[in-house]
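Asker: the following block contains a protein sequence and its predicted model.
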Amino acid sequence: MLRRDLITAEIQKLAQVLARIMGLKLEGKLAEADDLLMESLVNNFGITPEELFSSNSSEFEALLTEKEFPAEKLEMLSQFLYSQFDPSVINPRNDSFAEKLYLIYYLLETKHHIINMTNLDRQKLVDQYLNT
């Protein structure tokens, strides 16, 4: 029970950070939003920008396996990355986000047996992006 409470508290904290990132984006403060995202990835997920952008899918999968995130935290990681993904723009940054997102959705489905409508829609967009 204590572990579940700790995970719930951590997810609530991450949701607040994600809301702050989205608020900054809406205000047009894209650099601040990006800085907060990268800081959050390091502090809350232990993922550096170098690991996020330079690793290929198999390296990123190994990183996620090593970290052994619970499903809830993996779901939050997908939300953080999706907040920065723009399927209308083809560039290396979006390519990296798309590959990582596709992997996370796959892990949520196969390892954690979690499927939800939001992720299915997002996975479809990511798949379309990767296949263009």
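Answerer: Arrived safely, thanks for sending.
Asker: low pLDDT regions in this structure?
Answerer: Across the chain, the ranges flagged by pLDDT under 70 are 1.
Asker: the lengthiest helix in it: which residues count as buried?
Answerer: The longest helix of the chain (DSSP state H) is helix 2-26. Under the neighbour-count criterion of 16 or more other CB atoms under 10 Å, helix 2-26 has Leu14, Val17, Leu18, Ile21, Leu24, Lys25 buried. Bear in mind the C-beta positions are built from the backbone N, C-alpha and C, glycine included.
Asker: surely the third one is in contact with Leu77?
Answerer: If I follow you right, that is Leu18. No: contact criterion CB atoms under 8 Å: Leu18 and Leu77 do not qualify, at 10.3 Å.
Asker: so what's the gap between the longest helix of the chain and the chain middle?
Answerer: A distance of 13 Å separates the centroid of the chain from that of helix 2-26, by CA atoms, centre = their mean, to the nearest Å.
Asker: alpha carbons of the next helix-or-strand element following it, as CSV, please.
Answerer: Remark: after helix 2-26, the chain's next helix or strand is helix 30-40, criterion DSSP states H and E. Extracted in CSV, the C-alpha atoms of helix 30-40 (Å, rounded to 0.1, in the frame of the first residue of the first chain):
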residue,chain,number,x,y,z
LEU,A,30,8.9,27.7,-25.7
ALA,A,31,12.5,27.9,-24.5
GLU,A,32,11.3,27.9,-20.9
ALA,A,33,9.0,24.9,-21.6
ASP,A,34,11.9,23.0,-23.2
ASP,A,35,14.2,23.8,-20.3
LEU,A,36,11.6,22.6,-17.8
LEU,A,37,11.0,19.4,-19.8
MET,A,38,14.7,18.6,-19.9
GLU,A,39,15.2,19.4,-16.2
SER,A,40,12.2,17.2,-15.4
